[in-house]
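Peer 1: the following comprises the amino acid sequence and a computationally predicted model.
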Amino acid sequence: MGNYFGTDGFRGRANETLTAAHAFKVGRILGYQFGGGGKRARVVVGKDTRRSSYMLEYALAAGITASGADAYLLHVTTTPSVSYVVKSEGFDCGVMISASHNPYEDNGLKLISGFGEKMDDGLLRRIEGYLDGEFALPLSTGSDIGRTVDFIAGRNRYLGYLLSLPHTSFRGMRVGLDCANGSAWAISKAVFDALGAEVHLTGAEPDGVNINRGCGSTHPERLQALVKERELDIGFAFDGDADRCICVNERGERVDGDGILYLSAKRMKAKGELEKNGIAVTVMSNSGLVGSLAREGISCTVTPVGDRFVYEEMLAKGYALGGEQSGHIIFRKYASTGDGILTSLMVMETLLETKCPLSVLTEGLILLPQKTKSVAVQDKSVIGSRRVKEAVLEAEKLLVGGRLVLRPSGTEPVVRILAEGEQGTDEAIEEVTRAIVEEDVCAGS
């Protein structure tokens, strides 16, 4: 939306585009913005396992307390846990320090409102103005200086909340969990253990630099091998901050967010819980999902990419379910944001209620072939150039019964290309890639 905040917070290379000084200033304005009038603001802070998260955590807490607010530190936890704690415990706002599925060199600040939702654009613009030096803030002194509070209890309450959701034991189920060497490492095994499952782990040895490296929701190959090798009933792969979930069925086959939305929508409709008999999806969802759900009497409203847009559409339409192909799934009855661990519990409930394996539950989902590619660029605005637009038109002619989606990433310096169709997806992607690379070189010269 501006110089700092994108679709998923303030994200960038740690100590290059996102520094401790930035974190301090974000803390300063949050502490000031939600305080005043004799009120001491309270801000919840969580972080993932990447090495730079500790640096940003302390800088953020310093800024919050310097503005006279109190910083409650959850330490290593998940993004949805911050959302839950903020809303359930009556905090003014929350911050999650994470770059989600990005490599460890990156980090980010996700700002969460007192309602447990993404912070509104108006406040983000004010924060950007402060970061750019448009105005100054007074420092608190004496007894008005804030304090930091070790709030591990908040994370434990979130864990208790997750345990309260399933209606049946997981005893007898053999489950694989890929924690992406990230936030899920601290919570997911405890949840599945307490529910009685036999848990097999991978990606559960974080060292500060291995988050998302060859594991997690963007690289589930290791989990797929684990499920097949140990003949597990199901596997779940989370991303770095555990707001995404990708499934692996008992055959070792990947089931992405579209598959989860399909089986969840059918289950909720059968139980009379699918409000308006509709769900919200993004433009990246497979057209086959829309058609498959239509045959079940379920409609899909399509939004731009980003779980915040999905959630806004769910609120506007009164939908109970929505999500993204990437694994951000929102069950509005239980959460106001994507929650990977919560999603895995809902899938487990479906398996146990139906007594069917995941491969059977997704049999009616008929997907079109898709190919995706991320193209690194210096300037993401190149996708609006005449040369690239002409290449898109030519590429669409190569697709048979499909479509092409081109969009700038909201979190990385890349352009993402999605080609969908019965034929021609590889050729279409290469046609557009050439144009983007050529235009980017010209723009950067």
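Peer 2: Perfect, I can see it now. All values derive from a computational prediction rather than experimental measurement.

Peer 1: I figured V191 was touching G160, is that so?
Peer 2: No - using Cβ atoms under 8 Å, V191 is not in contact with G160, being 9.8 Å away. C-beta: built from backbone N, CA, C; applies to glycine.

Peer 1: quick one, which of the two is more surrounded?
Peer 2: V191 (24 against 11; other Cβ atoms under 10 Å).

Peer 1: list the contacts for that one?
Peer 2: L159, L162, L163, I341, L345 (Cβ atoms under 8 Å, 6 or more residues apart in numbering).

Peer 1: mind running it again at 7 Å?
Peer 2: L159, L162, L163, I341 (Cβ atoms under 7 Å, 6 or more residues apart in numbering).

Peer 1: just give me the closest of these to A184.
Peer 2: I341 (6.4 Å; Cβ to Cβ).

Peer 1: just give me the neighbour total for that closest one.
Peer 2: With other Cβ under 10 Å as criterion, I341 counts 26.

Peer 1: and I64, which of the three is it?
Peer 2: Counting by DSSP: H, G, I helix; E, B strand; the rest coil, the backbone at I64 sits in helix.

Peer 1: that one touches R147, doesn't it?
Peer 2: No - under the criterion of Cβ atoms under 7 Å, I64 makes no contact with R147, lying 9.7 Å away.

Peer 1: show me which of the two is the more surrounded one.
Peer 2: Looking at I64 and R147 with other Cβ under 10 Å, you find the greater number of neighbours at I64, namely 33 against 12.

Peer 1: contact partners for that one?
Peer 2: I64 neighbours (Cβ under 7 Å, 6+ apart): G27, L30, G31, V43, A71, G146.

Peer 1: repeat the analysis, applying 10 Å as the threshold.
Peer 2: 23-24, 26-32, 34-35, 41-43, 45, 70-72, 93, 95, 146-148 (Cβ atoms under 10 Å, 6 or more residues apart in numbering).

Peer 1: show me which of the residues you listed are buried.
Peer 2: For the contacts of I64, a burial check counting by 16 or more other Cβ atoms under 10 Å picks out 23-24, 26-32, 34-35, 41-43, 45, 70-72, 93, 95, 146, 148.

Peer 1: in strands only, show me those.
Peer 2: Among the buried ones among the contacts of I64, DSSP state E puts R42, V43, V45, D70, A71, Y72, C93, V95, T148 in strands.

Peer 1: show the pLDDT at the last one.
Peer 2: Put plainly, it is T148. pLDDT, T148: 98.

Peer 1: tell me which residues touch it, please.
Peer 2: Taking Cβ under 10 Å, 6+ apart, one finds V45, E57, Y58, A61, A62, I64, T65, D70, A71, Y72, L73 in contact with T148.

Peer 1: nearest to Y84 among these?
Peer 2: Using Cβ to Cβ, these come closest to Y84 at Y72, 13.4 Å.

Peer 1: just give the closest residue to the closest one, not the sequence neighbours.
Peer 2: F151 (4.0 Å; Cβ to Cβ, 6 or more residues apart in numbering).

Peer 1: can you check L124 too?
Peer 2: Using Cβ to Cβ, 6+ apart, the nearest residue to L124 is F5, at 4.9 Å.

Peer 1: ok, that neighbour - how many residues close by?
Peer 2: 22.

Peer 1: likewise R251?
Peer 2: A count of neighbours around R251, defined by other Cβ under 10 Å, yields 11.

Peer 1: may I have the predicted confidence score for the closest residue to it other than its chain neighbours?
Peer 2: Take R251 and drop its neighbours on the chain: the residue closest to it by Cβ to Cβ, 6+ apart is S359, 5.6 Å away. S359 is assigned a pLDDT of 98 by the prediction.

Peer 1: for the helix or strand hosting S359, name the packing helices and strands.
Peer 2: Assigned by DSSP states H and E, S359 belongs to helix 358-361. In terms of contacts (3 or more Cβ pairs under 10 Å, 6 or more residues apart in numbering; DSSP states H and E), helix 358-361 is packed against strand 234-238, strand 245-248, strand 254-255, helix 257-270, helix 340-354.

Peer 1: no more questions from me, cheers.
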